[in-house]
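Visitor: Give the three-dimensional model of this entry:
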Amino acid sequence: MGRRDFVDHVDFVDPVDGVILVDPEALQGRKAFVTLSCTFRYGREDADVLGIAFRRELFLSTRQVYPPLQDREQGIHTKVQARLLRKLGQNAYPFFFEFPDNLPCSVALQPGANDVGKQCAVEFEIKAFSAESQDAKVRKRSTVKLMLRKVQYAPETQGVAPSVETTRDFLMSDKPLHVAASLEKETYYHGELVKVHVDVTNNSNKNIKNIILTVDQIATVVLYSNDSYVKCVAIEDSGDSVPAGGTLKKDYTLHALLAYNTERRGIALDGKLKHEDTNLASSSMIKEGVLKEVLGIMVSYRVMVKLIIGGSCVCCLALWLCVSPHGGEISSSAAPLGFTSIQNSSQNKITLLAENEQEQNGV
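Guide: From the prediction side, this is the model:
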């Protein structure tokens, strides 16, 4: 395969394409299949009870690649496939999948330090296996798997910069407290500084003792419940005060990074591939007409400005998008990513491309 990240452009999703290399003699009459699946796991494997797993299969599609059901040339959809087929020879066969519109992106909830097993996550997997038929029981030694990620990048156009204001009246105070907060733009990239402009007009008789700003991540599990988990991922305790009758205009800076939250259980992360770093989960962007209930875990972000007044507080919220910068198109000259080979039995093996080498001699 040429890549493991597949982009959800909201209007469409990049298709999954690749090549499988088989050994007809080793298969001994078995068939070779490739499966693309999307699974939502909402409980640890060790918590499964009575044989019921805390997981739900959102999507499953299987293709028979050997013996081929169509001419090999008709199965070629991309230049990467064509190059790999030329390099691997006549025993290589292409496969191709398209994502439906209603699948979520790869998201995982960060496990705690003492948690074991798989975490709560939406995961995508491509699997190749050999068997007598598609529905036959598959042995582990006849199977090879590769995790994929379905990701979203920043929209090409910026929306209106978020702003919010609120007015609070107090008992025994003739005039109110007015607070306004605004951001520079709607969309921020992961790791980018978030600047918040705060404008306080305190015409009340109350003294503001402190101003605290936070970036909150809201992860809503919509598939089997409607639970929302709010986690503070950045905080600025300014210590600023505003006396009665006073005003304040100031810019504050917040920095929401996974590096500051690595030990916190339940933080939503972008799907993680093995041995690769990830980041805080991107904001969920939904195609019009798609039901939210099938999207697994939805993620959004807000900036909260909290004014501490005695034993109470005044809050205002501004929602914004936190996403990855657009990664651009995948180059057709990229080195192929490979599955791990399966050669546990001379009578039963599927040999898949297992190298990450550069193309040579224009192949």
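Visitor: pLDDT averaged over the helix or strand that contains L269, what's the number?
Guide: In this structure, L269 is located in strand 268-270 according to DSSP states H and E. Rounded to a whole number, the mean pLDDT of strand 268-270 is 86.
Visitor: Contacts for that strand, please.
Guide: Outside of strand 268-270, the residues that reach it under the criterion Cβ atoms under 8 Å, 6 or more residues apart in numbering are 105-110, 149, 151, 217, 219, 229, 231, 258, 278-282, 297, 299, 324. Yep, even glycine has a C-beta here, placed from its N, CA and C like the rest.
Visitor: Where does pLDDT dip in the stretch 101-250 of the chain?
Guide: With pLDDT under 70 as the threshold, the stretch 101-250 of the chain has low-confidence stretches at 112-118, 223-226.
Visitor: and stretch 195-202, how far from the chain's centre?
Guide: Relative to the centre of its chain, stretch 195-202 is centred 33 Å away, using Cα atoms, centre = their mean, to the nearest Å.
Visitor: Buried residues, it. List them.
Guide: Taking 16 or more other Cβ atoms under 10 Å as the basis for neighbour counts, the residues of stretch 195-202 that come out buried are V196, V198, V200, T201, N202.
Visitor: what number of residues lie near the closest residue to L88 other than its chain neighbours?
Guide: What sits nearest to L88 in space, not counting adjacent residues and going by Cβ to Cβ, 6 or more residues apart in numbering, is L21, at 5.1 Å. Applying other Cβ atoms under 10 Å, we find 23 residues neighbouring L21.
Visitor: Distance of L21 relative to V144?
Guide: As judged by Cβ to Cβ, to the nearest Å, L21 and V144 stand 11 Å apart.
Visitor: My understanding was that E165 contacts H178; is that so?
Guide: Yes - distance between E165 and H178: 7.0 Å, which falls inside the contact criterion (Cβ atoms under 8 Å).
Visitor: ok, these two, which is more surrounded?
Guide: A side-by-side neighbour count of E165 and H178, using other Cβ under 10 Å, places H178 first with 17 against 12.
Visitor: circling back: switch the buried residues of stretch 195-202 over to CSV, and while doing so, append secondary structure to every line.
Guide: CSV is the format used below for the buried residues of stretch 195-202 (DSSP: H, G, I helix; E, B strand; the rest coil):
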residue, secondary structure
V196, strand
V198, strand
V200, strand
T201, strand
N202, strand
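Visitor: Out of those residues, flag the one nearest to G310.
Guide: Minimum distance to G310 across those is 13.2 Å, recorded for N202 (Cβ to Cβ).
Visitor: S173: how many residues sit nearby?
Guide: Using other Cβ under 10 Å, the number of residues around S173 comes to 14.
Visitor: Could you do Q74 as well?
Guide: 10.
Visitor: looking at this, it is in a helix?
Guide: Yes - when the secondary structure is assigned by three-state DSSP, Q74 falls within a helix.
Visitor: Quickly list what T35 is bridged to.
Guide: Beta bridges link T35 to T62, K127, judged by DSSP bridges.
Visitor: pretty sure it is touching S61, no?
Guide: Yes - with contact defined as Cβ under 8 Å, T35 reaches S61; the gap is 6.9 Å.
Visitor: and stretch 269-278, how far apart are its ends?
Guide: End-to-end distance of stretch 269-278: 7 Å, with Cα to Cα, to the nearest Å as the criterion.
Visitor: Ok, stretch 158-170 next?
Guide: From its first residue to its last, stretch 158-170 covers 38 Å (Cα to Cα).
Visitor: now the strands for the stretch 251-363 of the chain?
Guide: Using DSSP state E, counting those that start in this stretch, the strands of the stretch 251-363 of the chain run over 268-270, 297-309, 312-323, 342-345, 348-350.
Visitor: closest to T39 out of those strands?
Guide: Judged by Cβ to Cβ, the one of the strands of the stretch 251-363 of the chain that comes nearest to T39 is strand 297-309, at 12.6 Å.
Visitor: Just the buried residues of that closest one, please?
Guide: With burial defined by 16+ other Cβ under 10 Å, the residues of strand 297-309 counted as buried are 297-309.
Visitor: Kindly report the same for stretch 55-66.
Guide: Along stretch 55-66, the positions that meet the burial threshold by neighbour count (16+ other Cβ under 10 Å) are R55, L58, F59, R63, V65, Y66.
Visitor: any idea which of those is the one closest to R86?
Guide: Within these, the smallest distance to R86 is 17.3 Å, found for V65 (Cβ to Cβ).
Visitor: Ignoring the adjacent residues along the chain, who's closest to that closest one?
Guide: With sequence-adjacent residues excluded and distances taken as Cβ to Cβ, 6+ apart, V65 is closest to Y93, at 4.5 Å.
Visitor: what's around the one you found, how many residues?
Guide: The number of residues packed around Y93, counting by other Cβ under 10 Å, is 22.
Visitor: Give the bridge partners for it, please.
Guide: With beta bridges defined as DSSP bridges, Y93 has these partners: I20.
Visitor: Contact partners for it?
Guide: Taking Cβ under 8 Å, 6+ apart as the contact definition, Y93 lies against V19, I20, L21, V22, A32, V65, Y66, P68, R72, G75.
Visitor: could you redo the last one with a cut-off of 7 Å?
Guide: Residues near Y93 by Cβ atoms under 7 Å, 6 or more residues apart in numbering: V19, I20, V22, V65, Y66, P68, R72.
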